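In: The following block contains a protein sequence and its predicted model.
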Amino acid sequence: MTAQDKILYVANKLGLTSLKDMQASTGAIYDVDTERNGQIFSSATRHINPRITNINNNQFEVNEALLIETVGFYSVTTAPSGFSLNNLQQVYGSNFVIVYDLIIGNKRVQKDTPIFGSGSPYTFATNGMFTNIPGDTGNTLQFAPRHQVYSEAVGILIPPQVEFYVEYRLFNVVTGAQIPITSDDIGCYLYGTKVLLNFNTSI
């Protein structure tokens, strides 16, 4: 089943018959937990700042939807004195794991989903590799942690006019202790196939 098929199937179940007349495209939304309360997207209306979020509401308009294919988290400094993306492992250590729930409407469509900071399972993306390390004359492969961690092939649809948000916790996978958000804020992006508000019949 393609992304478009999933979108149309859910739309038909919801009685959104005009969704088939919309244009499907790649889409992404993001938000940052500047309140550090363990929720992302729920307070996007207070941000409206492209450094922090690219949405002004945590629900889509009529005939607008997003089929999520990737859920990613990143570490960001949002202080007025400076804005930067930072390496999650440098900020929270290599033993961290993000455990998150995705809530759409009043349903938890993903519950206690882990994304590991490093190590296995590698299906929950962790490390990047690069070659030709500066100062190294060989062609050495080395694991280099990214500023983000993410989970792929999610396949969940956020339908029109339904509120959504992400709840998350950080844990140390060795000790089991919860890691407090004390320095950098945590951001999240949802990436996938999006239905846009125009009248091209392409899906």
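Out: Received the coordinates, thanks.

In: For the chain, just list every one of the strands.
Out: Taking DSSP state E to define them, one finds strands in the chain at 23-32, 39-40, 65-77, 84-86, 96-104, 107-116, 124-130, 142-158, 164-172, 185-196.

In: List the beta-bridge partners for Cys188.
Out: When assigned by DSSP bridges, Cys188 has beta-bridge partners Asp31, Phe73.

In: which secondary element of this protein has the worst mean pLDDT?
Out: strand 124-130 (a mean of 45; mean pLDDT, DSSP states H and E).

In: shaky segments in this structure?
Out: Within the chain, the stretches with pLDDT under 70 are 1-24, 46-48, 80-82, 118-150, 152-154, 196-203.

In: and if we set it to 80?
Out: 1-26, 44-50, 62-63, 78-90, 93-94, 116-154, 182-183, 195-203 (pLDDT under 80).

In: how close does the closest residue to Thr70 other than its chain neighbours sit to Ser151?
Out: Distance criterion Cβ to Cβ, 6 or more residues apart in numbering; nearest residue to Thr70, sequence neighbours excluded, is Tyr191 at 4.3 Å. Using the backbone N, CA and C atoms, a C-beta is placed for each residue, glycine as well. Plainly put, Tyr191 is 11 Å away from Ser151 if you go by Cβ to Cβ, to the nearest Å.

In: Pro50 now?
Out: 25 Å.

In: Look at the two and report which has more neighbours.
Out: The residue with more neighbours, out of Pro50 and Ser151, is Ser151; 21 against 8, by other Cβ atoms under 10 Å.

In: So the more buried one sits against Leu102, correct?
Out: No - counting by Cβ atoms under 8 Å, Leu102 is not a contact partner of Ser151; they are 10.2 Å apart.

In: Report the set of residues contacting both of those two.
Out: Here Ser151 and Leu102 have Val71, Thr113 as joint contacts, going by Cβ atoms under 8 Å, 6 or more residues apart in numbering.

In: so Val162 touches Ile104, yeah?
Out: Yes - counting by Cβ under 8 Å, Ile104 is a contact partner of Val162 at 5.9 Å.

In: Kindly point out which residues are neighbours of both of Tyr191 and Ser151.
Out: Shared contacts of Tyr191 and Ser151 (Cβ under 8 Å, 6+ apart): Thr70, Val71, Gly72.

In: Columns neighbour count and distance to Phe41 on top of the residues you listed, output as JSON lines?
Out: Listed next are those as JSON lines, based on neighbours: other Cβ atoms under 10 Å; distance: Cβ to Cβ, whole Å:
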{"residue": "Thr70", "neighbour count": "15", "distance to Phe41": "15"}
{"residue": "Val71", "neighbour count": "24", "distance to Phe41": "11"}
{"residue": "Gly72", "neighbour count": "19", "distance to Phe41": "13"}
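
In: one step back: which one, of the strands of the chain, ends up nearest to Asn54?
Out: Of all the strands of the chain, the one in closest proximity to Asn54, counting by Cβ to Cβ, is strand 23-32 (5.8 Å).

In: Lovely, talk soon.
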